[in-house]
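Asks: Below are the sequence and a predicted model; questions follow.
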Amino acid sequence: MTQRLAAWTQHTQRSALQDMLEITSGPEYISFGLGLPNAACFPTEQLALSANEVLLRQSNPLQYAPSFEPLKRQIQELMSRRGVTCSTSQIFLTAGAQQGIQLLARLLLDPGGTVMTEEVTYTGFLQILEPFQPRILTVPTDPVTGIDVDRLETILQKEERPACLYVIPSGHNPLGYTLSREKRQRLARLAAEYEVPLIEDDPYGFLAYDDLELPAVKSFQSDGVYYVGSFSKILAPGLRLGWIVADEAIIEKLSIVKEAADINTATLTQRIAADFLAKDAFELHLRHLLLEYKSRRDCMLEHLSAQLDGIGAWTTPSNGMFIWVRLPAHLDAMTLFQESIATEKVTFFPGNVFAAGQNGNASSSFRLNFSFNDPGKIEEGVARLSRLVKRHL
Ligand SMILES: Cc1ncc(COP(=O)(O)O)c(C=O)c1O
């Protein structure tokens, strides 16, 4: 029998790049491709102690359950570090930021509606949009200064009001920029003035390496800004834990779409995370993580400078896990990627993968992840990459 699938699935396909990245996961490859945290930095032993404590001493950690209040109080405290004052009733737990964005998209967007995002953005958001087959309004963006808020305002003046605007103000994936305080304020003001719901995706907000933890956009405008947070990058993605901060009226609606999606966020990992966060271990862990990732970032930057100075340009990210490299315009990053798989055996994401709508063109750029590999691998990987680029000049 032929498969009768929904119409939107006809346009979707697994990207050849994903297949390629799976094939290239062997030890001979150096991966700068996926946005993976470093597994050696996971606080495995402390989480094991917390798991033991939760499983053996708490009542019903394996049962269906409403969100765990102590964890919500801990998130409330974390949010105050992002400049956001909220009550625990404004915090909604999710299975990671990805689910947070997806639930919000389901609440905000009608099929065939209009959404707004940057010309180059997180592919996970674009995947979420697919079933809605929306019209995507794209805003120009820059790897250093971020979303162009002047153009954003012009588009808002001219076009229909979009169902939502999606942004990643800190440690942008893939560009790596962190938006200035002024632009954050303007974004918040524009969202309010034009009544456009703003999704602030902030998985990298706490990963700030240069003592510059800028407040969340939500701290400047509470109404209509939906903050999405995650424990994936500051604790471990395998916990599948994240959160949304929104008005109470929205939380009620979110609980309806969440129940339909997966009933409740995993009871066990909520409690393990809460036990871990209640101990001093979290502060120590975060400090260690920041030092470790900062030194990996600096290591990658140093070797890029040593190898590609005068050939390419790249960002110095203050947050997150990614460096964006721009090559001379005649070089095609997808061609380089394909050749790299066969010869140098180093992986990265070609820029066009992140292009939204019709306008995004990043064909001579690529994204490098610096959190996953140790400094020795980073040095070797950048050397291989540079050999590849130089062959094409
Ligand atoms: C910008 C952005 N949003 C969301 C996610 C998904 O995070 P989570 O593991 O919390 O679902 C990622 C993961 O890489 C990301 O880079």
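Replies: Received it, and whenever you're ready, just let me know what you need.
Asks: ok, the residue in the chain positioned nearest to the ligand to Cys41 distance?
Replies: When scored by Cβ to the nearest ligand atom, the chain has Gly96 as its residue closest to the ligand, at 2.6 Å. No exception for glycine: its C-beta is placed from N, CA and C like everyone else's. Going from Gly96 to Cys41 by Cβ to Cβ, to the nearest Å gives 18 Å.
Asks: These two: which has the busier surroundings?
Replies: Neighbour count, other Cβ atoms under 10 Å: between Gly96 and Cys41, Gly96 has more, with 22 against 15.
Asks: dump the residue contacts of the closest residue to that one other than its chain neighbours.
Replies: Spatially, and ignoring its direct neighbours in sequence, Gly96 is nearest to Gly242 (4.4 Å; Cβ to Cβ, 6 or more residues apart in numbering). By Cβ atoms under 8 Å, 6 or more residues apart in numbering, the contact set of Gly242 is 93-100, 203, 228-232.
Asks: Same list as before, these that is, but in a markdown table and with pLDDT and secondary structure included.
Replies: Output for the contacts of Gly242, formatted as a markdown table (pLDDT from 0 to 100; DSSP: H, G, I helix; E, B strand; the rest coil):
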| residue | pLDDT | secondary structure |
| --- | --- | --- |
| Leu93 | 98 | strand |
| Thr94 | 98 | strand |
| Ala95 | 98 | coil |
| Gly96 | 98 | helix |
| Ala97 | 98 | helix |
| Gln98 | 97 | helix |
| Gln99 | 98 | helix |
| Gly100 | 98 | helix |
| Pro203 | 98 | coil |
| Val228 | 98 | strand |
| Gly229 | 98 | strand |
| Ser230 | 98 | strand |
| Phe231 | 98 | coil |
| Ser232 | 97 | coil |
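Asks: Quick one, which of those residues are buried?
Replies: For these, a neighbour count by 16 or more other Cβ atoms under 10 Å gives the buried set as 93-100, 203, 228-232.
Asks: Show me the shaky parts of the chain.
Replies: Applying pLDDT under 70 to the chain flags the ranges 1-2, 16-17, 20, 357-361.
Asks: you'd agree Ser318 is up against Gly205?
Replies: No: if you go by Cβ atoms under 8 Å, Ser318 and Gly205 don't touch, sitting 11.2 Å apart.
Asks: got any residues that touch both of the two?
Replies: With contacts defined as Cβ under 8 Å, 6+ apart, the residues adjacent to both Ser318 and Gly205 are Gly171.
Asks: between those two, which one's more packed in?
Replies: More crowded of Ser318 and Gly205, by other Cβ under 10 Å: Gly205, with 29 against 21.
Asks: In space, what's closest to the more buried one - neighbours in sequence excluded?
Replies: Per Cβ to Cβ, 6+ apart, closest to Gly205 is Ser170, 4.4 Å.
Asks: helix/strand/coil for the one you found?
Replies: Here Ser170 is recorded as coil under DSSP: H, G, I helix; E, B strand; the rest coil.
Asks: Lys218 should be in a helix, yeah?
Replies: Yes: according to three-state DSSP, Lys218 belongs to a helix.
Asks: what's it in contact with, if anything?
Replies: The contact partners of Lys218, by Cβ under 8 Å, 6+ apart, come to Arg82, Val84, Ala188, Glu200, Val225, Tyr226, Tyr227, Val245.
Asks: quick one: the second one and Val245 touch, right?
Replies: Yes: counting by Cβ under 8 Å, Val84 does reach Val245; the two are 6.2 Å apart.
Asks: For those two, indicate the residue with more neighbours.
Replies: Shown here are Val84 and Val245; by other Cβ under 10 Å, Val245 has more neighbours (27 against 23).
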